[in-house]
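[1] fold the following for me, if possible:
(one chain, ligands or ions: 1)
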Amino acid sequence: MAERKESWTSLASLLGTLAFCQTFLQLVLPPELRHVSLKLLNRALRCFSSYCYFDVTEMDGVNTNELYNAVQLYLSSFASTSASASRLSLTRARNSSVTTFGLSSNDSIADVFDGVAVQWEHAVTQRQSQPSPWRALPDEKRSFKLRIRKRDKDLILNSYLDYIMGKASDIRRNNQERLIYTNSRSNESRGRPWEAVPFKHPSTFDTLAMDPEKKRDIMEDLRDFAAGQAFYQRTGRAWKRGYLLYGPPGTGKSSMIAAMANFLGYDIYDLELTEVPSNSELRKLLMKTSSKSIIVIEDIDCSVNLSNRSKAPKAPAPQSYSDPDAPDAASGGKDWNNNTMTLSGLLNFTDGLWSCCGSERIFVFTTNHIEKLDPALLRSGRMDMHICMSHCSYPALEILLDNYLGSKGEDLGEVAASELQEAVEKAKMTPADISEVLIKNRRNKEKAVSELLEVLKARADRNEKYGGLREECKSNRVEEEEQEKRALESPEEVRDREDNSGKKVEDQ
Ligand SMILES: Nc1ncnc2c1ncn2[C@@H]1O[C@H](COP(=O)(O)OP(=O)(O)OP(=O)(O)O)[C@@H](O)[C@H]1O
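    Modelled structure (predicted):
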């Protein structure tokens, strides 16, 4: 008892001494010296502490610190369930339905990594008045302070931070709502070339009606792409991939883009080429796109006249040998006129040096008329994958039946299923047309199936009589191969072929 009394007395006297020292320092020392002496005192105390501390500041100079954002996301993923966090902040972005938990100012939270306990504290202080170059900085200075035992620092620090970065990017991919950006000249004049709105298209690879094998190939390709950082680094290739989606209207090209974005968790940049006045503007737009995004150019055959290459000013005659297969030669000469949008400008955007001013980006071009595309766009190496979206096959129909009626093909009974199978292959209707019939009758499964069968049979009969929807993919593929062959011809071969067919050689 006497011992406890004694220790309380000594603690009280220690506190008294500290209070006296503080008052003394405040009275005697000028503010600058006081600040320095407090800093020294802190440093001295830290020498005796068994912990070390790391500051992860929000801003790194005038740039945002990616690690700060990652830590914020990572902590918010378990802040709401952590017993150690006593006070949380709640935020929700405009037009968003996701609530984010965060650590309130100066609150702390405990975490364990590889069996090692650490502590994070969120420090928020007011920024002093900013000199002019730093005006853009936020008024508050925010940082996360990491506390680790000195003996654990070398064991976990690097791997823990890598883990946080990885976790944050997973959280972003899974939770964050996707955005769709679009460009317009009026936005450009306001200094914001891209305008974003939340992207809520519900299409996924599960709901997409197409041949399951083809679907699997595309999903695997996308998965490999997203996980391919090391591969692209090792092989010296830009981390980007191009897909050309072609086929008649209503076969699901837009739905496929939405499914890709939802699958990878990427944002979409819907590039409206008619709103881009020149190649230099195109370059500026590209520079303002972010990584982990899909850049889409829909209806590439009709958005701008990219094949009017003969109208572009001609390049000066080459002094020495020029490779006829080089992109510029194939696409009608170098971009000599930066005031117009040309095919070479677009190819430079997707393919050339400018395509690398970001990483992990996917380019998707769509067209209803692949035969109208310039061969330069189809040449191997330009678009990594050509995907034909065609009429509805039976496996695709099964997905639509599941989507709209909640029934699998086999639920319909053997007779109905085989009748549907035969009719759908002959009818060559698009998934959009079939969806219409199913949506209309979605409350009555039997009626939906019988009406669909009727419509399919009628279409199949008509096809037999008049010849139906062309075998788009087959005929397109033949034309495509011919165009690819032509693109690889030497200028002499082109001239010979054109002369023989009596046509003018436009590109020479
Ligand atoms: N393959 C498909 N799988 C599921 N639904 C589809 C598919 N194709 C079309 N649809 C349905 O039809 C509608 C139109 O499809 P979508 O806009 O994706 O076709 P598209 O090929 O991009 O057409 P367009 O060339 O006219 O832009 C979609 O809203 C979707 O409901």
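
[2] for burial, what's the neighbour tally of residue 340?
    Neighbours of residue 340 under the rule other C-beta atoms under 10 Å: 16. Backbone N, C-alpha and C define where each C-beta goes, glycine included.

[3] doesn't it fall inside a strand?
    No. Under DSSP: H, G, I helix; E, B strand; the rest coil, residue 340 falls outside any strand and is assigned coil.

[4] that one contacts residue 278, doesn't it?
    Yes. At 5.9 Å, residue 340 and residue 278 qualify as touching, with contact defined as C-beta atoms under 8 Å.

[5] which neighbours do the two share?
    Both residue 340 and residue 278 lack any common contact, where contact means C-beta atoms under 8 Å, 6 or more residues apart in numbering.

[6] pLDDT-wise, which helix or strand of this structure ranks last?
    helix 327-330 (a mean of 39; mean pLDDT, DSSP states H and E).

[7] mind listing what's buried along the helix or strand following it?
    For helix 327-330, the following helix or strand on the C-terminal side (DSSP states H and E) is helix 343-350. Neighbour counts over helix 343-350 (16 or more other C-beta atoms under 10 Å) mark 343-350 as buried.

[8] before we move on, what about stretch 443-451?
    When burial is assessed from 16+ other C-beta under 10 Å, stretch 443-451 yields the following buried residues: 445, 448-449.

[9] from residue 342, how far off is residue 274?
    14 Å (C-beta to C-beta, to the nearest Å).

[10] so residue 179 belongs to a helix, correct?
    No. If the criterion is three-state DSSP, then residue 179 is strand and not within a helix.

[11] might one say that residue 174 is in contact with residue 265?
    Yes. Using C-beta under 8 Å, residue 174 is in contact with residue 265, at 6.4 Å.

[12] who are the contact partners of the residue in the chain that the ligand sits nearest to?
    Closest residue of the chain to the ligand, C-beta to the nearest ligand atom: residue 252 (2.6 Å). If you count contacts by C-beta under 8 Å, 6+ apart, residue 252 has them with 208-210, 389, 431-432.

[13] mind redoing it with 6 Å?
    389, 431 (C-beta atoms under 6 Å, 6 or more residues apart in numbering).

[14] same question, residue 276
    So residue 276 contacts 282, 341 (C-beta under 6 Å, 6+ apart).

[15] now it: phi and psi?
    Dihedral angles of residue 276 (phi, psi; degrees, to the nearest 10) stand at phi -110, psi 110.

[16] and it, how close does it get to residue 268?
    Using C-beta to C-beta, residue 276 is found at 17 Å from residue 268.

[17] what number of residues lie near residue 378?
    Residue 378: 21 surrounding residues under other C-beta under 10 Å.

[18] just to revisit the earlier point, residue 174 and residue 265: which is more packed in?
    Under the neighbour definition other C-beta under 10 Å, residue 174 and residue 265 were set side by side, and residue 265 has more, 18 against 9.

[19] can you pull the pLDDT of that one?
    Listed pLDDT for residue 265 reads 87.

[20] please apply the same query to residue 467.
    64.

[21] likewise for the one 4 residues further on?
    On the pLDDT scale, residue 471 is placed at 50.

[22] only the buried residues of stretch 406-421, if you could.
    So, applying 16+ other C-beta under 10 Å, buried residues of stretch 406-421: 409, 412, 416-417, 419-421.

[23] which helix or strand contains residue 376?
    Element membership for residue 376 (DSSP H and E) is helix 375-378.

[24] and that helix, what's its mean pLDDT?
    Averaged across helix 375-378, the pLDDT comes to 82.

[25] for the stretch 101-250 of the chain, which segments count as helices?
    For the stretch 101-250 of the chain, the helices defined by DSSP state H, counting those that start in this stretch cover 150-175, 185-189, 212-226, 229-235.

[26] can I get those in a markdown table including mean pLDDT and distance to residue 463?
    What follows is the helices of the stretch 101-250 of the chain, written out as a markdown table (pLDDT from 0 to 100; distance: least, C-beta to C-beta, whole Å):
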| stretch | mean pLDDT | distance to residue 463 |
| --- | --- | --- |
| helix 150-175 | 85 | 44 |
| helix 185-189 | 67 | 45 |
| helix 212-226 | 95 | 23 |
| helix 229-235 | 88 | 45 |
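
[27] out of those helices, the one nearest residue 76 is which?
    Between residue 76 and the helices of the stretch 101-250 of the chain, the shortest gap by C-beta to C-beta is with helix 150-175, which sits at 8.1 Å.

[28] ok now the closest one, how far from the chain's centre?
    22 Å (C-alpha atoms, centre = their mean, to the nearest Å).

[29] and that helix, which residues are buried?
    152-153, 156-157, 160-161, 164-165, 167-168, 171.

[30] state the number of residues packed around residue 181.
    Residue 181 sits with 23 neighbouring residues when counted by other C-beta under 10 Å.

[31] am I right that residue 283 is in a strand?
    No. Read with three-state DSSP, residue 283 is helix and lies in no strand.
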